[in-house]
Each structure stands twice: as structure tokens, then as C-alpha cells.
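**Q** Dropping the sequence and predicted coords here.
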Amino acid sequence: MEAQTPAVGILKRNDWGDTMMYNIPCSCCGADCAHDVWVEADNHAVTVTTHTKQKSQFWSRNRFQIMWCLLTRGYVEYEASIIMTEQQALNYATTLLSAVDDVKEFRASKD
């Protein structure tokens, strides 16, 4: 199996040279499980940031238990998951490698 171009399951939303934004949909349902990935290069490092909709363990706790955890511990545990096909996972990894190289090259050309 080889990485694809254009990649199935990876949507390139924007390219600002030193920043690239991708949307990765989940194979199970729809927009609730999808996440966005930002690959950015600044003067010091390359940063990869993911944005997801976090979900609480709603099946094991009610709202009051969640609020109690927040009040007593100072944080609430959440989870995020995404289901990918094998091809999509390969494309995802290849896209990250490519985006990191691209933003580093763009940043180096600006210096």
C-alpha cells in the first residue's frame, strides 16, 4: 500500500506557506469525530496542533458528577477518537511528514 496524492481521507483546507491546515474526517459517522490539524513553522520550531470535539464519559457519569470532579480536582477527563482506514492512516502520516518539510522550507526561504 502506498500513500496517495491527492490523499483519500485528508482534506487540505488552507496553505499559508508557513502554516498548513488539514481536516481529517472519521470513517464511522461524520463531523462530530473529525479533527483539524495545523502544521506551523515559526522562528524556533515546527508545531503540530490538533483540534477535536472532546466528549465526556457521558455513559458513566451525570452532569453533577462531572461538575463535582471539576470542583474537587480542577479538571475533567475527556476523550477524543478517530477511526481511519488503513489507507487514510498512511495518507495522514505521509501528509504530516510532507507538511512539516514544506513549512520548514518556506520558513527557511524567508530568513
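**A** Cool, got the structure.
**Q** per-residue pLDDT, residue 11?
**A** Listed pLDDT for residue 11 reads 86.
**Q** which residues touch residue 86?
**A** Residues in contact with residue 86 (C-beta atoms under 8 Å, 6 or more residues apart in numbering) are residue 1. In this view, the C-beta of every residue, glycine as well, is placed from N, C-alpha and C.
**Q** gap between the helix or strand hosting residue 65 and the chain center?
**A** Using DSSP states H and E, residue 65 sits in helix 63-73. Remark: helix 63-73 is offset 27 Å from the chain centroid, using C-alpha atoms, centre = their mean, to the nearest Å.
**Q** Let me see the ranges of the strands in the chain.
**A** Shown for the chain, the strands assigned by DSSP state E span residues 11-15, 19-24, 35-41, 46-52.
**Q** Need the contact partners of stretch 104-111.
**A** Stretch 104-111 is contacted from outside by 17, 18, 41, 42, 43, 46, using C-beta under 8 Å, 6+ apart.
**Q** Which of the residues in it are classified as buried?
**A** Using 16 or more other C-beta atoms under 10 Å as the test for burial, stretch 104-111 gives 106, 107.
**Q** Thanks a lot, catch you later.
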